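Asks: Pasting the sequence and the predicted model now:
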Amino acid sequence: MRARRGGVQAFLKQHRWAILAAGAAIQVLTGVPAAWGVFQKGVCDGYELTEGNAALIFSFTICFFGIGCILGGALQDKKGPRAAGLAGAGLLFAGFFGSGFLPGGQALLFYALFSVPVGLGCAFLYPAVMSTAQKWFADRKGLATGVIGGAVGASGAVLTGLGRWLMQRWGIRGTFRALGVLMLFVCGAGAALLENPEGKETDAKASGRHDYTVREMVRTRQYWLMVAVVALATPAVLLFSPIIVQLAQRRGLSETAALACVVVGSVCSALGRLLMPWLSDHIGRRYTDMLLLGAMGGLSVWFAFAQRWQVVACYSLLTFCYSGEAAVIPAAGTDLFGTKHAGVNYGFLALGMSAGSVGFPLLARGLGLEFGRHVLAACAAVAGFVCLWFLRPTHGERL
């Protein structure tokens, strides 16, 4: 085992880009939330669920992603990124493959046997990939974050095309089973390559900065402001992602044209995840996030009145901003709290995503909001901008 680890370590020291390739291969298959719109109708018909119940599958998947980031981050910090990644691949397989055999009309069962393992599986993989890439590319964290994040964004387009093709041939149940097997092999193979670099000083040792433990982190004002920002960014996109195809159709587009929202939105998501971390390397994480939250507020107002192809344009720009903001968060977290406990620390930051992804849809549903969803999204983005205004670095350097 030690010889095998030494071989992987030696290989990665010579070819550190392999970490980005493995991470991208994993993440291109784990963007289930970005592609959920293409599965929504098939799930409703194939499992005899209402549109609202099917949309909650998406919300609970995001919720358990946030929770799983803590569990996966703790496993990663204790056993290494390979163990967390392999566990994540197994959970994804269990959620997708197992859901292909679930009976119809059982929403609670679907939440338990799909949303929970799929959310946890994505969560075990994402921090393991992201933090490992940042450690190998400590000198170019924005680039590493952007490449991995770009793959996350592209996964929406990949899963949309692959999902449609599979559903036309095997139906929704066969599609889930096939995707489960594919994820097991691709994500498992990529996870086997994940390993932290040895023989390098951490950023904290090199600069004299402090690596925060979770206990120390949650006592800081910066942590709570960041969690609020993560939560407040969610409604601008996540309130609409599960129903975007149906929403676009109601606003004048054909079903085929409405699917462009998912595909073009995924391309824009990939661009946002690729470009915004790069921008944050130059102007700072805080200013980049402020720019994106401000744009999301304005776009949410436009989205409320958008018709026909304006829906595609506005939604795509929103996904660019939301994905870009999400991609900056891991680098902002390590800037604020160090790299030593990056896995579990990111998990606690991702609790904001869990709270926002479930809290805002339930709030909108409970209040009977339709047009009000757009108002809720715009107000939340503005509130996130205000939180960033008061955010200050922990180490006296630019954030």
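Replies: Arrived safely.
Asks: Could you tell me the phi and psi values at L259?
Replies: With angles defined as degrees, to the nearest 10, L259 sits at phi -70, psi -20.
Asks: got the contact list for it?
Replies: Residues in contact with L259 (Cβ atoms under 8 Å, 6 or more residues apart in numbering) are G37, V38, T160, R164, V245. Just so you know, the C-beta spots here come from the backbone N, C-alpha and C atoms, and that holds for glycine as well.
Asks: pretty sure the last one contacts E255?
Replies: Okay, so that is V245. Yes. Using Cβ atoms under 8 Å, V245 is in contact with E255, at 7.1 Å.
Asks: Give me the more crowded residue out of the two.
Replies: Neighbour count, other Cβ atoms under 10 Å: between V245 and E255, V245 has more, with 22 against 11.
Asks: Phi and psi next, for that one.
Replies: The phi/psi pair for V245 (degrees, to the nearest 10) is phi -60, psi -50.
Asks: For the contacts of L259, which entry has the maximal number of neighbours?
Replies: Within the contacts of L259, most neighbours by other Cβ under 10 Å means G37, with 29 neighbours.
Asks: Show me which positions of the host helix or strand of it end up buried.
Replies: Assigned by DSSP states H and E, G37 falls within helix 32-46. Neighbour counts using 16 or more other Cβ atoms under 10 Å place 32-44, 46 of helix 32-46 among the buried residues.
Asks: Next: stretch 51-59.
Replies: By neighbour count with 16+ other Cβ under 10 Å, stretch 51-59 contains the buried residues N53, A54, A55, L56, I57, F58, S59.
Asks: Please name whichever of those scores lowest on pLDDT.
Replies: On pLDDT alone, A55 ranks lowest of the buried residues of stretch 51-59, at 77.
Asks: tell me the contacts of the residue lying closest to that one once chain neighbours are set aside?
Replies: Leaving aside its sequence neighbours, A55 sits nearest to P242 (Cβ to Cβ, 6 or more residues apart in numbering; 3.8 Å). Contacts for P242 (Cβ under 8 Å, 6+ apart) come out as W36, G37, Q40, A54, A55, F58, S59.
Asks: swap the cut-off to 10 Å and go again
Replies: 33, 36-37, 39-40, 43, 51-52, 54-59, 361 (Cβ atoms under 10 Å, 6 or more residues apart in numbering).
Asks: and what of V344?
Replies: With contact set as Cβ under 10 Å, 6+ apart, V344 has these partners: 69-78, 127, 131, 213-214, 217.
Asks: What's the local residue count around the closest residue to F240 other than its chain neighbours?
Replies: Leaving aside its chain neighbours, F240 sits nearest to L247 (6.3 Å; criterion: Cβ to Cβ, 6+ apart). Number of residues near L247 (other Cβ under 10 Å) recorded here: 20.
Asks: do the same with the one 5 residues further on
Replies: G252 has 14 neighbours, counted by other Cβ under 10 Å.
Asks: Quick check: the nearest residue to it once chain neighbours are set aside vs C314, distance?
Replies: Spatial nearest neighbour of G252, chain neighbours left out: R308 (4.1 Å); criterion: Cβ to Cβ, 6+ apart. As judged by Cβ to Cβ, to the nearest Å, R308 and C314 stand 11 Å apart.
Asks: Ok, Y111 next?
Replies: From Y111 across to C314, the span is 30 Å (Cβ to Cβ).
Asks: Same check on Y212?
Replies: Relative to C314, Y212 is positioned 38 Å away (Cβ to Cβ).
Asks: Show me which of those two is the more surrounded one.
Replies: The neighbour count for Y212 versus C314, taken as other Cβ under 10 Å, is higher for Y212 (22 against 19).
Asks: and that one, which of the three is it?
Replies: coil (DSSP: H, G, I helix; E, B strand; the rest coil).
Asks: Which pLDDT value goes with K13?
Replies: K13 is given a pLDDT of 75.
Asks: And R392, by the same measure?
Replies: For R392, the model assigns a pLDDT of 88.
Asks: what's the least confident helix or strand in the chain, going by average pLDDT?
Replies: helix 203-207 (a mean of 50; mean pLDDT, DSSP states H and E).
Asks: how about the buried residues of helix 32-46 in a markdown table, adding distance to W170 and pLDDT?
Replies: Converted to a markdown table, the buried residues of helix 32-46 look like this (distance: Cβ to Cβ, whole Å; pLDDT from 0 to 100):
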| residue | distance to W170 | pLDDT |
| --- | --- | --- |
| V32 | 18 | 76 |
| P33 | 22 | 70 |
| A34 | 22 | 67 |
| A35 | 17 | 71 |
| W36 | 19 | 76 |
| G37 | 19 | 71 |
| V38 | 15 | 76 |
| F39 | 13 | 85 |
| Q40 | 18 | 81 |
| K41 | 16 | 82 |
| G42 | 11 | 86 |
| V43 | 14 | 89 |
| C44 | 17 | 88 |
| G46 | 11 | 88 |
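Asks: ok, back up a step: surely the residue nearest to G252 touches A257?
Replies: Yes. Here R308 reaches A257: they are 8.4 Å apart, a contact under Cβ atoms under 10 Å.
Asks: Low-confidence stretches in the stretch 151-300 of the chain?
Replies: Applying pLDDT under 70 to the stretch 151-300 of the chain flags residues 199-208.
Asks: picking up where we left off before, what is in contact with V245 and E255 at once?
Replies: Common neighbours of V245 and E255 (Cβ under 10 Å, 6+ apart) are K41.
Asks: Take stretch 338-350, keep the C-alpha atoms, and write them as CSV.
Replies: What follows is stretch 338-350, C-alpha atoms only, in CSV (Å, rounded to 0.1, in the frame of the first residue of the first chain):
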residue,chain,number,x,y,z
GLY,A,338,-6.4,28.3,5.9
THR,A,339,-5.9,25.0,4.1
LYS,A,340,-5.2,22.5,6.8
HIS,A,341,-8.8,21.9,7.7
ALA,A,342,-10.2,23.0,4.3
GLY,A,343,-12.4,19.9,3.7
VAL,A,344,-14.5,20.1,6.9
ASN,A,345,-14.4,23.9,7.0
TYR,A,346,-15.9,24.1,3.5
GLY,A,347,-18.5,21.7,4.6
PHE,A,348,-19.6,24.1,7.4
LEU,A,349,-19.7,26.9,4.8
ALA,A,350,-21.8,24.8,2.6
